[in-house]
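> Quick one, structure for this:
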Amino acid sequence: MPTLTGDTTLLFCFGACTTDGTCPTPATPNYVTFAVDMNQYAGSTANGVFINGTFNGWCGSCNAMDDSDSDGVWMVTLPLTQDSIEYKFTVDGWNDQDVLIARFFLYKNNRKLVFTRTVFSH
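Got it, this is the predicted structure:
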């Protein structure tokens, strides 16, 4: 640790281990809209429908979905910076969750989404 002998400014970047004050460029988020049709769900959605995954620590009620038009399709748009995520839809936090039949989009009984970057130029 250096010895300070006068006025000194220490510059750090939140969430980064750089010591020279050069901060990495923040990741550009992908805005992803998730929608789940709950019309065939036999239980109650009165306490909310949620999306849980690796992007929110499988937290239960962090990302509530919305069905403001009462059509039974719950939606939420999230800014995601990860290259890929696992996720699933839940009801009332973790009181119920979607049980999936093995298909191509599953990973360990979770849904998986992988982002690829496509750049369009004119």
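> all strands of the protein, in order?
Listed in chain order, the strands of the chain (DSSP state E) span 30-37, 49-53, 73-80, 84-91, 96-97, 106-107, 110-114.
> Please work out which of those is packed deepest.
Scoring the strands of the chain by mean neighbour count under mean count of other Cβ atoms under 10 Å gives strand 49-53 as the most buried, with a mean of 23. (Glycine included, C-beta is placed from N, CA and C.)
> Which elements pack onto it?
strand 30-37, strand 73-80, strand 84-91 (3 or more Cβ pairs under 8 Å, 6 or more residues apart in numbering; DSSP states H and E).
> Between these, which one is closest to residue 13.
Ranking the helices and strands packed on strand 49-53 by distance to residue 13, with Cβ to Cβ as the measure, places strand 73-80 first at 19.9 Å.
> which secondary structure elements does the closest one contact?
strand 30-37, strand 49-53.
> Just the CA coordinates for it, please, in PDB.
Provided in PDB are the C-alpha atoms of strand 73-80 (Å, rounded to 0.1, in the frame of the first residue of the first chain):
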ATOM      1  CA  VAL A  73     -50.900 -13.000 -21.400                       C
ATOM      2  CA  TRP A  74     -48.400 -11.700 -18.800                       C
ATOM      3  CA  MET A  75     -45.500  -9.600 -20.100                       C
ATOM      4  CA  VAL A  76     -42.400  -7.800 -18.900                       C
ATOM      5  CA  THR A  77     -39.500  -6.200 -20.800                       C
ATOM      6  CA  LEU A  78     -36.000  -6.500 -19.100                       C
ATOM      7  CA  PRO A  79     -32.600  -5.000 -19.900                       C
ATOM      8  CA  LEU A  80     -30.200  -7.900 -20.000                       C
END
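> what's it in contact with?
Under the contact criterion Cβ atoms under 8 Å, 6 or more residues apart in numbering, strand 73-80 has outside partners 29-39, 45, 49, 51, 55, 63-67, 89, 115.
> Name the helix or strand of the protein that has the lowest mean pLDDT.
Least confident helix or strand, the chain: strand 106-107 with a mean of 52, by mean pLDDT, DSSP states H and E.
> my guess is residue 84 meets residue 112, correct?
Yes - in this structure residue 84 lies within contact range of residue 112 using Cβ atoms under 8 Å: 6.6 Å.
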